[in-house]
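**Q** Below are the sequence and a predicted model for it; my questions follow.
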Amino acid sequence: MAEHKKIAVLSAVLVLVVSLARFAQAGDVRGKVKAQGMRSPEDIVVYIDSIPGKTFPPPVLHAVMDQVRMEFVPHVLVILKGTSVNFLNDDPVQHNVYWPAIDNDRKLAHNMGTWPQGIVKSFTFDELGVVPLLCKVHSEMSGYIVVVPTPYFAVTDKEGNYTIKNVPPGRYTLKTWSEEAKPTTQAVTVQADMGTRAKPGCNCVPCGCAMRQTTNVDLTVKQ
Ligand SMILES: [Cu+2]
């Protein structure tokens, strides 16, 4: 083959590969978590476990854990490792924030201090695991921060529904964490969708909705 023809063929292949990569877009992983023997399927963390060879820069925006009406809000906050959390106090009384351990490691215990309404204190979570939040002023208060290794996570709603958005095609390990149930693990494959699910009436350039697909994974957790 003449040199210029080879170059032309290679260029065509390259254009095709680039276009395919553009079409193999991320999809959503969603489903329902059944909570056996538990009061509620709410506040269960569902996340994709560490992906070999992949690291994720933490978000610039801080996550927020509020204290309002004598409760940690949200009750369960899930974040990517390295994320900073702003701790707020929205009550007219002083609150404290401390954790006695991270993933049962007492060396990672920390006391953020006690402060009045309107003050914000930040902490960056560089260790993976479950951070049980407590308040030294109000012993009945409790909340959780769950630090996970990927940005692909969700927390279930009251009915146990969850949606993990924008997961690139690949094979992953889906994990759950909940205050009451034992952790579970489940393999999941997110397939590249080449545009076979166009919505009726959708002009898919440039909206791209046809490339989006949903992988359904229902889970069961037990105490
Ligand atoms: Cu308090």
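**A** Cool, the structure landed. Numbers count the residues shown, from 1 in each chain.
**Q** Could you list the contact residues of the protein toward the ion?
**A** If contacts are counted using CB under 5 Å from the ion, the residues of the chain sitting beside the ion are 95, 135, 137-138, 141. C-beta: built from backbone N, CA, C; applies to glycine.
**Q** could these go into TSV alongside neighbour count?
**A** TSV is the format used below for the residues of the chain next to the ion (neighbours: other CB atoms under 10 Å):
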residue	neighbour count
His95	26
Cys135	22
Val137	14
His138	16
Met141	17
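**Q** now, among those, which is nearest to Glu42?
**A** Looking at these and their distance to Glu42, the nearest is Met141, at 18.0 Å (CB to CB).
**Q** distance of the residue nearest to the closest one when sequence neighbours are not counted from Arg171?
**A** For Met141, ignoring the flanking residues on the chain, the nearest one in space by CB to CB, 6 or more residues apart in numbering is Cys135 at 4.1 Å. Remark: distance between Cys135 and Arg171 (CB to CB, to the nearest Å) = 41 Å.
**Q** And for Val120?
**A** Distance from Val120 to Arg171, by CB to CB: 40 Å.
**Q** now swap in Ile102 and tell me
**A** Using CB to CB, Ile102 is found at 29 Å from Arg171.
**Q** Who has more neighbours out of the two?
**A** When neighbours are counted by other CB atoms under 10 Å, Ile102 and Arg171 differ, and Ile102 comes out ahead with 21 against 10.
**Q** list the contacts for the more buried one?
**A** For Ile102, the contacting residues are 108-109, 125, 127, 129-131, 147, taking CB atoms under 8 Å, 6 or more residues apart in numbering as the criterion.
**Q** so which pair among the residues you listed is furthest apart in space?
**A** Ala109 and Val147 (14.9 Å).
**Q** For the chain, which helix or strand comes out least confident on mean pLDDT?
**A** Sorting the helices and strands of the chain by mean pLDDT, DSSP states H and E puts helix 204-207 at the bottom, at a mean of 50.
**Q** For the residue nearest the centre of the chain, which non-adjacent residue is closest in space?
**A** With distances taken as CA atoms, centre = their mean, Phe153 lies nearest the centre of the chain, 2.0 Å away. Here the nearest residue to Phe153 in space, its sequence neighbours aside, is Tyr47; by CB to CB, 6+ apart that works out to 3.6 Å.
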